[in-house]
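Asker: below is the structure, and that's it, no one-letter string:
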């Protein structure tokens, strides 16, 4: 299989900043017409959620596709997660397969790339949902570490609506334990989270931009304290020669699809280790992170 040829979109300075910091803002990553369609589709899903009082729908592994906030109701809908939206919306699928962030990723990992997973995460005004500090690689370990997470901003990300918080350079450090007292919590310990918060920077950006995150980067986000939504379309890509070591916690029919370059039929293994994750049984890992994380260092 061979896909669309890639175009170099990042300057040498941008590449240097990404490698040094572990993240990069990419402006104008979502064309305005595509942005409108993605937002319209999510608005339709939000309206449909009014008819449900709990997580609903079904992914290919039988878990709910649509996750809702505690307190969600028809009068105050709180749709906070859509798992694998590429399976149920053509606009999300076509954009996942061809976008400028995907071209940028070839400059990190080479010309051959696979799709790993996708989701829409939303923070509605006044909702308590937040993400504790974590790294993405422990959720989806591969035979090598060439995995990137792309956050496409469907709404403006401001200081007040639960923006992304990252720890620059933390991708050069260790992979921290996300297991505590025998439970996979999806978060680092309170001790690690404390120093991460002290060193973190806030990532802001207009709707239509994107953040590229190294999958080893420590990051999190707070609750939405604004009067407007904060919605992200989140996609992961990895090197074509990286193969999964654990079941995908967001499986889809598109998992492993070659989205740039070609299928080389080769596996590349690098020397690294991490505790295998636990695949969630619930709609999303928001609920996993809801329990307190012990101070274990």
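Answerer: Okay, I see it. Worth saying up front: this structure is predicted, and the values here are computed from it rather than measured. Residues are numbered from 1 along each chain as shown.
Asker: residue 34 versus residue 10, what's the distance?
Answerer: For residue 10, the distance to residue 34 (CB to CB, to the nearest Å) stands at 20 Å. Using the backbone N, CA and C atoms, a C-beta is placed for each residue, glycine as well.
Asker: look at those two and report which has more neighbours.
Answerer: Using other CB atoms under 10 Å as the criterion, residue 10 and residue 34 rank with residue 10 on top: 20 against 17.
Asker: what's around residue 39, how many residues?
Answerer: 17.
Asker: can you map out the helices along the stretch 51-200 of the chain?
Answerer: Remark: helices assigned in the stretch 51-200 of the chain by DSSP state H, counting those that start in this stretch are 90-97, 100-109, 190-199.
Asker: residue ranges with poor pLDDT in the chain?
Answerer: 1-6, 282-297 (pLDDT under 70).
Asker: try it again with 90
Answerer: For the chain, the stretches with pLDDT under 90 are 1-8, 70-71, 124-130, 279-297.
Asker: so who does residue 246 touch?
Answerer: 140, 141, 276, 277, 279 (CB atoms under 8 Å, 6 or more residues apart in numbering).
Asker: now do 6 Å
Answerer: Contacts for residue 246 (CB atoms under 6 Å, 6 or more residues apart in numbering) come out as 141, 276, 277.
Asker: burial of the residue lying closest to the first one once chain neighbours are set aside, as a residue count?
Answerer: Right, residue 141. Leaving out its chain neighbours, the residue that sits closest to residue 141 by CB to CB, 6 or more residues apart in numbering is residue 245, at 4.5 Å. By other CB under 10 Å, the residues close to residue 245 number 13.
Asker: my guess is residue 128 contacts residue 223. True?
Answerer: Yes. Counting by CB atoms under 6 Å, residue 128 touches residue 223, with 5.3 Å between them.
Asker: so which of those two has more stuff around it?
Answerer: Taking other CB under 10 Å, residue 128 and residue 223 do not tie; residue 223 has more neighbours (17 against 13).
Asker: kindly provide the distance from that one to residue 27.
Answerer: In this view, residue 223 and residue 27 are 26 Å apart by CB to CB.
Asker: cool, and residue 125?
Answerer: According to CB to CB, residue 125 and residue 27 sit 25 Å apart.
Asker: more crowded one of these two?
Answerer: For residue 125 versus residue 27, the count of surrounding residues by other CB under 10 Å is larger for residue 125: 16 against 10.
Asker: so who does the more buried one touch?
Answerer: Contacts for residue 125 (CB under 6 Å, 6+ apart) come out as 224, 226, 227.
Asker: out of those, who's nearest residue 262?
Answerer: Nearest to residue 262 among those: residue 224, at 41.7 Å, using CB to CB.
Asker: bridging residues for that closest one?
Answerer: Taking DSSP bridges as the rule, residue 224 bridges to residue 161.
Asker: wouldn't it be in contact with residue 232 here?
Answerer: No. When contacts are counted by CB under 6 Å, residue 224 is not listed as touching residue 232 (11.9 Å).
Asker: mutual contacts of those two, please.
Answerer: In terms of CB under 6 Å, 6+ apart, residue 224 and residue 232 are not both contacted by any residue.
Asker: how much space between residue 81 and residue 170?
Answerer: 25 Å.
Asker: likewise residue 229?
Answerer: Separation of residue 229 from residue 170 (CB to CB): 28 Å.
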